[in-house]
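In: compute the structure for the input listed below.
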Amino acid sequence: MKKAIFIIIGIVVVGIAWYGLSPLLKNKTVNDALPENTVVDQKTKSDESVVPLEEEAQEVRRAPVVDTPTHPASGFVRLVQNGDETIVRYEEYKTINGPDVRVYLANDLKASDFVDLGPIKGTEGNINYSVPQGVDISKYRYALTWCEDFAVLFNSADLSLTR
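Out: Down below sits the predicted model:
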């Protein structure tokens, strides 16, 4: 009887460990195109070609990604306004994966008030996330990569320090 209990406990522990650790082994590179009609800041332009400028398209803010001690990350986050659409764009981005990792616009690093932009699409590359219509981006200081399951910050970008 004791042996059966230990086997069951072992299976549960292995299942929980796999659920928590397996996403760390899955990296995905995404290279979304820069939205059409977007202004490219020549000072920060990397390997992307300049897209023709239209009056309604503009880069609103840009900030470096700041990692946490247990979740290394790098890159930049740009807020891009393209007509009526607002895009949160991660560029030259690199992070680690985890269970239920999401992208938020938030007013603090604890994600006490946030807009969920959805699950991360990739752990490396240039990645676009659409901001839902009607969201006032001026109310949100940070772009966060957040683990929903454990309520843990993976990385952030302080968008208030730029334009």
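
In: quick check: next helix or strand after the lowest-mean-pLDDT helix or strand in the chain?
Out: Within the chain, no helix or strand scores below strand 57-64, which has a mean of 78 by mean pLDDT, DSSP states H and E. The helix or strand immediately downstream of strand 57-64 is strand 66-67, counting by DSSP states H and E.

In: okay, now the sheet partners of that next one, with direction.
Out: strand 152-158 (antiparallel) (DSSP bridges).

In: buried set for the strand it pairs with?
Out: Going by neighbour count (16 or more other C-beta atoms under 10 Å), the buried part of strand 152-158 is 153-158. Where C-beta positions appear, they are placed from N, C-alpha and C, glycine not excepted.

In: against residue 7, how distant is the residue of the chain most remote from its centre?
Out: Centroid-distance maximum for the chain: residue 1 at 47.8 Å, with C-alpha atoms, centre = their mean. According to C-beta to C-beta, to the nearest Å, residue 1 stands 11 Å off from residue 7.

In: name the helices or strands packed onto the host helix or strand of residue 126?
Out: Residue 126 is part of strand 124-131 when elements are defined by DSSP H and E. For strand 124-131, the packing partners by 3 or more C-beta pairs under 8 Å, 6 or more residues apart in numbering; DSSP states H and E come out as strand 29-31, strand 85-94, strand 114-119.
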